[in-house]
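Q: Have a look; sequence and predicted model below, questions after that.
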Amino acid sequence: MNTNISGPLISLIVPVYNVKDYLKTCLQSILEQTYKNLEIILVDDGSDDGSSGICDEYARMDQRIKTIHLPHSGVSAARNAGLAAATGELLGFVDSDDWIDHDMYQYLYALMQEHDADVSACTYLLEQEGRPSKIINNTGKLYVFSRKEIIRALVKNDLVKNYLWAKLFKRKLFDRLSFPVGRVYEDVAVLYKVFYSSQKVVLSCVSKYHYMIHKNESITRGGYDPVKEYHYFLSLYEQDKFIQNAELGGESSVGVLKRGIHLINHTLLCPPSPAFEDIIDETMLKMREYRHITPWQLGPSMSIKRYFMCKHFGFYRMLYRGYRAIFKRKHKLLID
């Protein structure tokens, strides 16, 4: 593959919020790209830790950088502002606490050109301070997907991940699209629509994006946030409805139903809250749309849970909470 080529303007959207300890590393990795024809859009989402000043400092250093300052509204609003400001023919996304190999966009553009694709993608490495990099799928294998194939691969969430970063897109794929403001998992809410508008997607399993995991993030992953998890469920639900309406088939419906069951189970273990009860009600309402999923498709354990959730929820709530309390006590005794 010939990576020694120039090409059209790539607009890179970088949402920024309170990442002063990581932002300079991210920006340096972008400025040092071998692909020079870049429009770098830094969208400061109301940072109060000094990140705003770093954005302005780098904008003065390099004329390719544009800085937008917003009141704090979340990643979706920041990305929407970036989309509105982007003028490039191609589009990329970088999270402001991550960094990229110096040739990533040169590589992705060459990949896109060679295969006449609408989207090109590479793989990534997991980074954590004080630990060696963890390589994710650096086999060097190449995959070329049609529209139907990429949607099915996305639903499996194995080879193709539900992230916007580590990808290069034709800008036109985002025409008439926006990220849902006020929701997390915004990538999941949008990427399937982008792929549906694509005729061809190419993935090279070469790791060039460095995804940063922070210590506080890895610690708090053990906690459960029903609101965030409902947003994820809602995005999967919307994705499934889109796929079924487009007659693309696949196993997405089973996955949505299983996710809904897990969401309710975990929410039942949280402290009582009217907001959490609303989440349970909304999830149950959507789960009832999947009556056509057979026990054979769902599996025996999930089928039993679904039956009691839908038919005898009060009894199920009491039984599940009691079971989890007993399990927790037994687990503690084994540890002690």
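A: Sure, I can see it. Residues are numbered from 1 along each chain as shown.
Q: what are the C-alpha coordinates of stretch 24-43, in CSV please?
A: Output in CSV follows, covering the C-alpha atoms of stretch 24-43 (Å, rounded to 0.1, in the frame of the first residue of the first chain):
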residue,chain,number,x,y,z
LYS,A,24,-0.9,18.1,24.9
THR,A,25,0.1,14.5,24.2
CYS,A,26,-3.0,14.1,22.1
LEU,A,27,-2.5,17.4,20.2
GLN,A,28,1.2,16.7,19.5
SER,A,29,0.3,13.3,18.0
ILE,A,30,-2.1,15.1,15.7
LEU,A,31,0.2,17.9,14.7
GLU,A,32,3.0,15.4,13.9
GLN,A,33,0.9,13.4,11.4
THR,A,34,2.6,12.6,8.2
TYR,A,35,-0.7,13.6,6.5
LYS,A,36,-0.5,17.4,6.6
ASN,A,37,-3.7,18.5,5.0
LEU,A,38,-5.7,18.7,8.3
GLU,A,39,-8.3,20.9,9.8
ILE,A,40,-8.1,20.3,13.6
ILE,A,41,-11.3,21.4,15.4
LEU,A,42,-10.9,21.5,19.1
VAL,A,43,-14.3,21.8,20.8
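Q: P71 contacts G46, correct?
A: Yes. If you go by C-beta atoms under 8 Å, P71 and G46 touch, sitting 5.0 Å apart. For every residue, glycine as well, the C-beta is placed using N, CA and C.
Q: who has more neighbours, those two?
A: G46 (17 against 7; other C-beta atoms under 10 Å).
Q: Ignoring the adjacent residues along the chain, who's closest to that one?
A: H72 (3.1 Å; C-beta to C-beta, 6 or more residues apart in numbering).
Q: repeat for Y22
A: Y22 sits nearest to D97 (C-beta to C-beta, 6+ apart), 4.0 Å away.
Q: same thing with D118?
A: Closest to D118 by C-beta to C-beta, 6+ apart is S198, at 3.9 Å.
Q: what's the neighbour count on that neighbour?
A: The number of residues packed near S198 is 18, by other C-beta under 10 Å.
Q: For it, give me its contacts.
A: Counting by C-beta atoms under 8 Å, 6 or more residues apart in numbering, S198 makes contact with 117-119, 147, 150, 170, 173.
Q: Out of the residues you listed, give me the one that has the most neighbours.
A: In these, the most neighbours by other C-beta under 10 Å go to I150, 27 neighbours.
Q: CA atoms of the strand or helix carrying that residue as CSV?
A: I150 belongs to helix 147-156 when elements are defined using DSSP states H and E. Below are the C-alpha coordinates for helix 147-156, written out as CSV (Å, rounded to 0.1, in the frame of the first residue of the first chain):
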residue,chain,number,x,y,z
ARG,A,147,-23.1,-2.4,3.6
LYS,A,148,-24.9,-5.5,4.8
GLU,A,149,-21.7,-7.2,6.0
ILE,A,150,-20.5,-4.1,8.0
ILE,A,151,-23.9,-3.8,9.8
ARG,A,152,-23.8,-7.4,10.8
ALA,A,153,-20.2,-7.1,12.0
LEU,A,154,-21.1,-4.0,14.0
VAL,A,155,-24.0,-5.9,15.7
LYS,A,156,-21.6,-8.6,16.8
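Q: For it, which helices and strands make contact with it?
A: helix 186-196, helix 226-245 (3 or more C-beta pairs under 8 Å, 6 or more residues apart in numbering; DSSP states H and E).
Q: tell me the secondary structure for the spatially closest residue to E32 that is not a sequence neighbour?
A: Leaving aside its sequence neighbours, E32 sits nearest to H102 (C-beta to C-beta, 6+ apart; 4.9 Å). Following DSSP: H, G, I helix; E, B strand; the rest coil, H102 is assigned to coil.
Q: Same check on the one 5 residues further on?
A: Here Y107 is helix, with the state taken from three-state DSSP.
Q: burial of it, as a residue count?
A: When neighbours are defined as other C-beta under 10 Å, Y107 has 21 of them.
Q: okay but it is in contact with Y209, surely?
A: No. Between Y107 and Y209 there is no contact under C-beta under 8 Å: 10.7 Å.
Q: For Y307, grab the count of nearby residues.
A: Neighbours of Y307 using other C-beta under 10 Å come to 12.
Q: what does G255 give?
A: Neighbours of G255 under the rule other C-beta under 10 Å: 16.
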